[in-house]
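**Q** Any chance you could fold what I've pasted below:
(one chain, ligands or ions: 2)
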Amino acid sequence: MADNKAKMRVAVAGLGAIGTDVVKALDQGIEGLTLVAVSANSPDKHRGWIAELKSAPKLVPIDELAELADIVVECAPSKLVRAIVAPVVERGKTAVLLSVGALLQNEDLVDLAKAHGGQIIVPTGALIGLDAVTAAAVGTIHSARLVTRKPVAGLIGAPHLVENNIRIDDITEPLRIFEGSARDAAKGFPANLNVAVALSLAGIGPDRTRVEIWADPTVTRNTHRIEVDSDSARFSMMIENIPSENPKTGRITALSVIACLRKLRASLRIGT
Ligand SMILES: NC(=O)C1=CN([C@@H]2O[C@H](COP(=O)(O)OP(=O)(O)OC[C@H]3O[C@@H](n4cnc5c(N)ncnc54)[C@H](OP(=O)(O)O)[C@@H]3O)[C@@H](O)[C@H]2O)C=CC1
Ligand SMILES: O=C([O-])CC(=O)C(=O)O
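**A** Ligands and ions are numbered 1, 2, ... in the order given. Model (predicted):
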């Protein structure tokens, strides 16, 4: 086990459904990592439980995180992605990005990381199978498709629904509310379709990746099915996510981040 000096310092931006669980896991201990700082919109709301951690991190504004840590985990509203990630990668550090949908409006962040030796890591998050998609993408992927079904509560307020005056509050049967590219899905559903963008960046890009979204009053879980056809394999996989206290976010998302952080310094690393 690495000693304290060799540990990489981690900060977490956002203490909601994802950030809280990630912070608690880091506090319990992840090989080679130490939690140093966190940020929230209303710090006072979080002081109590943070003080009870084994080793309380600093509670600071997001613009201080990049200086304090080697790795910054972004799990905040997508509009903050640029402010959180840019200072990290321009210092040659690592940003773990959850609001990956925002990357399409901030593609230059990848160039910034490249220019400064930084890295942006996108965990599999609420999705499934990005190991297989990235492997297939080494060859040629012919098509990639995502079909998402969510309970109504997980979709209410999405810009696509508001702009197109689509009412889903009182539907009693599944309703297809979107069909198009991953790029357009991310614009229309910024808090819901990170998974579409993650799939597209792992595979054939946001314009060729097709997405269908259903508001489904018959499901209680956020359900994502991916279908990929390539010159090495054809596969389809489905994940049914139990919502966290944030109905837009599946419980497994925080666990995916924790698994991703464990892999960073682990002596044995399984999966692509
Ligand atoms: N890639 C994937 O598979 C997935 C990605 N996501 C994305 O991850 C992100 C986080 O999701 P989730 O945890 O559910 O979100 P929540 O809404 O539960 O939490 C958001 C957090 O961000 C904090 N925050 C808001 N404004 C600021 C600010 N100015 N400075 C610092 N912190 C701030 C809030 O603070 P406070 O608590 O004080 O209000 C809150 O703690 C979202 O963009 C979501 O779309 C979600 C699910 C899956
Ligand atoms: O299913 C989830 O938990 C969240 C989701 O769709 C996303 O953010 O893309």
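**Q** Look up how far residue 203 lies from residue 212.
**A** Taken as C-beta to C-beta, to the nearest Å, the spacing of residue 212 relative to residue 203 amounts to 16 Å. Heads up, the C-betas are built off the backbone N, CA and C, glycines and all.
**Q** Taking the stretch 1-150 of the chain, what residue is nearest to ligand 2?
**A** residue 126 (3.3 Å; C-beta to the nearest ligand atom).
**Q** if I pick that residue, what's in contact with it?
**A** Each residue near residue 126 by C-beta atoms under 8 Å, 6 or more residues apart in numbering is listed here: 194, 195, 222, 224, 239, 241, 249, 250, 252, 253, 256.
**Q** And the pLDDT for the third one?
**A** Per-residue confidence at residue 222 stands at 92 (pLDDT).
**Q** and the gap between it and ligand 1?
**A** 9 Å (C-beta to the nearest ligand atom, to the nearest Å).
**Q** Chain neighbours aside, what residue packs nearest to that residue?
**A** For residue 222, the nearest residue in space outside its immediate sequence neighbours is residue 241; the separation is 4.3 Å by C-beta to C-beta, 6 or more residues apart in numbering.
**Q** who's in contact with that neighbour?
**A** For residue 241, the contacting residues are 126, 221, 222, 223, 224, 250, 251, 252, 253, by C-beta under 8 Å, 6+ apart.
**Q** Tell me the pLDDT of the residue most central in space within the chain.
**A** Centroid-nearest residue in the chain: residue 98, 2.4 Å away (criterion: C-alpha atoms, centre = their mean). The predicted structure scores residue 98 at 97 on the pLDDT scale.
**Q** likewise residue 2?
**A** At residue 2, the model reports a pLDDT of 46.
**Q** Next up, the contacts around residue 53.
**A** When contacts are taken as C-beta under 8 Å, 6+ apart, residue 53 is in contact with 23, 24, 27.
**Q** one more time with 6 Å, if that's ok
**A** With contacts taken as C-beta atoms under 6 Å, 6 or more residues apart in numbering, residue 53 has the following neighbours: residue 27.
**Q** Just to be sure, it is in a strand?
**A** No. Following the definition DSSP: H, G, I helix; E, B strand; the rest coil, residue 53 is coil and is not counted among the residues of a strand.
**Q** Which stretches in the stretch 101-250 of the chain count as strands?
**A** In order along the chain, the stretch 101-250 of the chain carries the following strands (DSSP state E, counting those that start in this stretch): 119-121, 141-150, 175-181, 210-215, 222-230, 234-241.
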